[in-house]
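Q: Dropping a prediction and its sequence here:
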Amino acid sequence: MSKRNSQTAKTAARERLRAERERQAKKAKVRRQLIVACSAVGVLAIAGGVGFAIVQANKPSYWDAAKDDKLVKPANTSGTNGTTVIIGKDTAKKTLKLYEDPRCPVCASFEQTVGSTVHKDVEDGKYKIQYIGATFLDGNLQGEGSKNALSALGAALNVSPEAFLDYKTALYSAKYHPEETEDKFKDDSYLIKVANTVDALKNNTAFQKAVKDGTYDKWALDMSELFDKNKDGVTGTPGLVMDGKKLTGSDGQNAPMTVAEFNTAIDNALKA
């Protein structure tokens, strides 16, 4: 090979190398531009996500928003907001106030043990009961089961006082009342399942629609406020009050949790 041919070959090789370097440099530039662009999009996406999360966090929850709903009062109620729920014969001279939270396990124990005695006393005209529903366990334990169950109780009350009492008994039963940390009552389907064990509510489409639509959600919140602002000094559930005085068991502090203790407490209150 002549020196000229050798030089030409080297020049051509250098040219090919230069062209390849330029091509690689262009590819690298494009890659950097894409990375920057994608990073910018990622930052925007993250910023957008954070912004969205902040907006969502600041949005009122469903139950916060329900405070501004139009109030629908269940039938068989009285009072300004329909939060006065009194059940019993007009001839009964005294009224037993009963404070309960649907998720409360002690309320469940009370209902399972003493509930039937209360119902019989009311049927016999011994006294009336005034029900005040609470929902503080939703805040203490996180959840919405107390509020949702109280709303469903409003739907049952709209059917009849008897349906209300029977449904309350079913919700507090050993079979259907969940552990307080298990928020089963938040599910409408579960509340309807329990309601189907009550004759007046079984396959009752109007009741079921009210539960699903949250017809009495606003009422449940107003009822809960009645508990929060009660003047009887009741801070926990169950709470029993007659003539402004708490009914307690043998310990003198808590609600009577046996039939014997309850009968003693109620008889003393009726005589007072």
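A: In hand now; what should we look at?
Q: And the helices in the stretch 101-250 of the chain?
A: Counting by DSSP state H, counting those that start in this stretch, the segments of the stretch 101-250 of the chain that form helices are 105-123, 136-141, 145-159, 161-171, 188-195, 205-213, 217-228.
Q: now the third one and helix 161-171, what's the angle there?
A: I take that to be helix 145-159. Here helix 145-159 runs at 150 degrees with respect to helix 161-171, directions being taken by axes from the mean of the first three to the mean of the last three Cα atoms, to 10 degrees.
Q: now helix 145-159: mean pLDDT?
A: Per-residue confidence for helix 145-159 averages out to 98 on the pLDDT scale.
Q: what about that helix, distance to the chain center?
A: In terms of Cα atoms, centre = their mean, to the nearest Å, the centre of helix 145-159 is set 11 Å apart from its chain centre.
Q: And the fourth one, by the same measure?
A: The offset between the C-alpha centroid of helix 161-171 and the centroid of the whole chain comes to 19 Å, using Cα atoms, centre = their mean.
Q: So the residue most central in space within the chain versus Q253, what's the distance?
A: The centre of the chain sits closest to E144, judged by Cα atoms, centre = their mean, with a distance of 1.0 Å. From E144 over to Q253 the distance is 30 Å, taken as Cβ to Cβ, to the nearest Å. All C-beta spots, glycine's among them, are computed from the backbone N, C-alpha and C.
Q: before we move on, the earlier item: to M242, which of the helices of the stretch 101-250 of the chain lies closest?
A: Relative to M242, the nearest member of the helices of the stretch 101-250 of the chain by Cβ to Cβ is helix 105-123, separated by 11.9 Å.
Q: Surely the residue nearest to the centre of the chain is in contact with D187?
A: No - taking Cβ atoms under 8 Å as the definition, E144 is not a contact partner of D187, at 9.9 Å.
Q: who's in contact with the closest residue to K168 other than its chain neighbours?
A: Using Cβ to Cβ, 6 or more residues apart in numbering and skipping residues adjacent in sequence, the residue nearest K168 is L153, 6.2 Å away. Each residue near L153 by Cβ atoms under 8 Å, 6 or more residues apart in numbering is listed here: P102, G133, F164, Y167, K168, L171, A220.
Q: ok, the third one - how many residues close by?
A: Counted by other Cβ atoms under 10 Å, the residues lying close to F164 total 24.
Q: Then S173?
A: Each residue near S173 was counted by other Cβ under 10 Å, and the total is 15.
Q: Make sure K73 is actually in contact with T84.
A: No - between K73 and T84 no contact is recorded; they are 10.0 Å apart, counting by Cβ under 8 Å.
Q: Looking at the two, which one has more neighbours?
A: Under the criterion of other Cβ under 10 Å, the comparison of K73 against T84 puts K73 first, with 19 against 14.
Q: Just read off the phi/psi values of that one.
A: Comment: the main-chain dihedrals of K73 come out as phi -90, psi 130, following degrees, to the nearest 10.
Q: and if you look at the one 5 residues further on?
A: With angles defined as degrees, to the nearest 10, S78 shows backbone torsions of phi -140, psi -180.
Q: Can you get me a residue count around it?
A: S78 is surrounded by 11 other residues when neighbours are defined as other Cβ under 10 Å.
Q: Against K202, how distant is it?
A: 28 Å.
Q: Next: D243.
A: Here the distance between D243 and K202 works out to 38 Å (Cβ to Cβ).
Q: which SSE is A92 in?
A: Counting by DSSP states H and E, there is no helix or strand that carries A92.
Q: That one and G139: what is the separation?
A: Distance check for A92 against G139: by Cβ to Cβ, it reads 34 Å.
Q: Likewise for T235?
A: From T235 over to G139 the distance is 14 Å, taken as Cβ to Cβ.
Q: what's the answer for D121, then?
A: Counting by Cβ to Cβ, the separation of D121 from G139 is 32 Å.
Q: Who has more neighbours out of these two?
A: Under the neighbour definition other Cβ under 10 Å, D121 and G139 were set side by side, and D121 has more, 20 against 10.
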